[in-house]
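> what follows is a protein structure lacking sequence information:
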């Protein structure tokens, strides 16, 4: 067991899923306030046909080729969602639901075709559904590290621009932050994170890595900066932990373990979260209640300081 | 010296199939406080948004200082309706005001002490200094509105557009906001405000723009804010007319 854990390949894979988790957590916090959590799920599913088509065209299972295919197909999916929403009166979530299932169906269909062919059998493309971090080669790891770093860098560089774009897009436009360009950048970073994640986490579960860390972080803080940092931390932790656990057994898919690790973060946040956790809410409530009960029968409680809300 | 800082020619815009504003034209002099008055659905907000290119225009031309919006963007401040943003966003009052300085801070740079000081001063002006580090979700509606105003002040623009800054705020906030607006006017800034309360129009604004999809009347308040024009704008809703009649008589006294 220890030989697996300390083999240099495992360490590299561990590093790459951790960076992936950090990138996913960071862009996930943006997606949270963009109120587009389902979008990441739709785009992830929409990436599958691109992966298979890229494999069919090149005949090789090189991550960067498959990533280009995945990105193209996810972007086409995003365009479809956008077009359906603006041209027809179909709402965005309906459009996302349609694109998600149609593209995923198409991907599975193509996958069946590939698996029938003799070379496809060994292709291991199935691992793109649930993720198989162990199957990553060294060059896959480098590709992932580079792209994840780009995502993180773009979010840090434009941090205050993201903030105003998310809080008040109309005002942002007024001070010269183009809504269109921010939208394009956001979609670009989101798709990049999704496509580099599909080999390690898989198309079905990658959305969880984008959504859960951000939601968990929300329970701990009332500062956007801290929320982004915490979300990155939770994402990185989930990525590393999930990979570690799945590496213990042979042939275990990585995605489910990463998602389970993320879900654990969420449950802890839900209960113990410093700002919005259940426990702290209960404590506040009891404290208030205690104050009123103490005063019961005497005088009405005097509210000290600016009693808000 | 220009005679007009805002010129609007033949401006039209629509939402889907329905035209909202049609052939709007008016000119605004510098250092004026204009109330944009009209019934619900008259296109007041749409007019502002179209002028600021937040909503596409079908026809028409809008110029500020004789130039197109794009080249003078930074001299124009916009205070959106309070309800247009999510106040649950995790940030403090000071941080929101700081956003007004982002244009000056520049792309990819972090705000410095100097910027924070200026944001704080803007909050101070709105009587909100004690709330600087307060979560915006914990502010009352009136306080949130003051934060928005402070952000606009920090921006230090020459023309301001405000979408119902007095809607749903308490008397203290209304006074604080009006005081600032008067100050802006004294500094020769030009302010256009979407306003709902007919009772206070004559007291607050020196110019009015009465619209109901198109311009009904535009001019100095004492000339344009007449009973006939109000009836024309509001389409003869008797209750309103009676109230306004009282008010008009009152203001003449």
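Received it, and whenever you're ready, just let me know what you need. The structure displayed is predicted, hence computed values, not measured ones. Numbering: from 1, shown residues only, chains lettered A, B, ... in the order given.
> for the residue in the stretch 1-150 of chain A that chain B sits nearest to, which non-adjacent residue is closest in space?
Chain B sits closest to residue A:33 of the stretch 1-150 of chain A, with a gap of 6.6 Å, by CB to the nearest CB. Where you see a C-beta, it was placed from the backbone N, CA and C, and this is true even at glycine. In this structure, residue A:33 finds its nearest non-sequential neighbour in residue A:166, 4.2 Å apart by CB to CB, 6 or more residues apart in numbering or on different chains.
> tell me the residue of the stretch 151-300 of chain A that sits nearest chain B?
Residue nearest to chain B within the stretch 151-300 of chain A: residue A:175 (4.1 Å; CB to the nearest CB).
> residues in contact with that residue?
A:164, B:73-74, B:99-100, B:102-103, B:155 (CB atoms under 8 Å, 6 or more residues apart in numbering or on different chains).
> in TSV, list the residues you listed along with secondary structure.
TSV is the format used below for the contacts of residue A:175 (DSSP: H, G, I helix; E, B strand; the rest coil):
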residue	secondary structure
A:164	helix
B:73	helix
B:74	helix
B:99	helix
B:100	coil
B:102	helix
B:103	helix
B:155	helix
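> looking at those, spot the one nearest residue A:143.
Taking CB to CB as the measure, residue A:143 lies nearest residue A:164 of the contacts of residue A:175, at 32.6 Å.
> any idea how far the closest one lies from residue B:210?
Applying CB to CB, to the nearest Å, the value for residue A:164 to residue B:210 is 34 Å.
> and if you look at residue A:89?
Distance, residue A:89 to residue B:210, using CB to CB: 33 Å.
> compare neighbour counts for the two and give me the winner.
residue B:210 (23 against 9; other CB atoms under 10 Å in any protein chain shown).
> make sure that one is indeed in a strand.
Yes: judged by three-state DSSP, residue B:210 forms part of a strand.
> hang on, isn't it packed against residue B:38?
Yes: between residue B:210 and residue B:38 there is a contact under CB atoms under 8 Å: 6.3 Å.
> for the stretch 51-200 of chain A, what lies in contact range of chain B?
Contact residues (CB under 8 Å from any CB of the partner chain) of the stretch 51-200 of chain A with chain B: A:157-161, A:163-164, A:166-168, A:170-171, A:173-177.
> how about a cut-off of 7 Å?
Within the stretch 51-200 of chain A, the positions near chain B by CB under 7 Å from any CB of the partner chain are A:157-158, A:160-161, A:164, A:167-168, A:170-171, A:173-176.
> which of these are buried?
Among those, those buried by neighbour count (16 or more other CB atoms under 10 Å in any protein chain shown) are A:158, A:160-161, A:164, A:167-168, A:170-171, A:173-175.
> and the two most separated of these?
A:158 and A:170, at 18.2 Å, using CB to CB across those.
> PyMOL command to pick out the buried ones of the contacts of residue A:175?
A single PyMOL command is used to select the members of the contacts of residue A:175 judged buried by 16+ other CB under 10 Å:
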select buried, (chain A and resi 164) or (chain B and resi 73+99+100+102+103+155)
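> dump the contacts of residue A:175 to CSV, plus pLDDT.
Below are these laid out as CSV (pLDDT from 0 to 100):
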residue, pLDDT
A:164, 95
B:73, 88
B:74, 87
B:99, 94
B:100, 92
B:102, 90
B:103, 84
B:155, 92
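> what does residue B:157 show for phi and psi?
Main-chain dihedrals, residue B:157, degrees, to the nearest 10: phi -90, psi 170.
> can you list the low-confidence ranges for the chain?
Assuming you mean chain A. A:1-6, A:118-123, A:296-309 (pLDDT under 70).
> wait, I meant chain B there
B:1-2, B:236-253.
> in space, what's closest to whatever residue of it ends up closest to chain A - neighbours in sequence excluded?
Closest residue of chain B to chain A, CB to the nearest CB: residue B:103 (4.1 Å). Residue nearest to residue B:103 in three dimensions, not counting chain neighbours: residue A:175, with 4.1 Å by CB to CB, 6+ apart.
> so how far is residue A:265 from the one you found?
Note on residue A:175: its distance to residue A:265, by CB to CB, is 36 Å.
> what's the answer for residue B:21, then?
50 Å.
> which of the three states applies to the closest residue to residue A:126 other than its chain neighbours?
In space, and not counting its chain neighbours, residue A:126 is closest to residue A:111: 7.1 Å by CB to CB, 6+ apart. Taking three-state DSSP as the rule, one finds residue A:111 in the helix state.
> tell me which parts of the stretch 101-250 of chain B are close to chain A?
So the stretch 101-250 of chain B meets chain A at B:102-103, B:107-108, B:135, B:138 (CB under 7 Å from any CB).
> name whatever forms a beta bridge with the one residue sitting closest to the centre of chain B.
In chain B, the centroid-proximal residue (CA atoms, centre = their mean) is residue B:162; its distance is 1.7 Å. According to DSSP bridges, the partner residues bridging residue B:162 are residue B:79, residue B:193.
> my guess is it contacts residue B:79. True?
Yes: Residue B:162 is within contact range of residue B:79, at 4.1 Å (criterion: CB atoms under 7 Å).
> strands along the stretch 51-200 of chain B, start to end?
B:59-64, B:76-79, B:159-163, B:190-195 (DSSP state E, counting those that start in this stretch).
> what's the distance between stretch A:182-189 and the middle of its chain?
Distance of stretch A:182-189 from its chain centroid, counting by CA atoms, centre = their mean, to the nearest Å, is 15 Å.
> which parts of it are buried?
A:182, A:185-189.
> tell me who's in contact with residue A:213.
A:25, A:28, A:231, A:234-235, A:238, A:262, A:265 (CB atoms under 7 Å, 6 or more residues apart in numbering or on different chains).
> please report how far residue B:62 lies from residue B:76.
Taking CB to CB, one finds residue B:62 at 11 Å from residue B:76.
> common neighbours of the two, please.
Contacts common to residue B:62 and residue B:76, judged by CB under 7 Å, 6+ apart, are absent.
> can you tell me the closest non-neighbouring residue to residue B:212?
Leaving aside its sequence neighbours, residue B:212 sits nearest to residue B:42 (CB to CB, 6+ apart; 4.5 Å).
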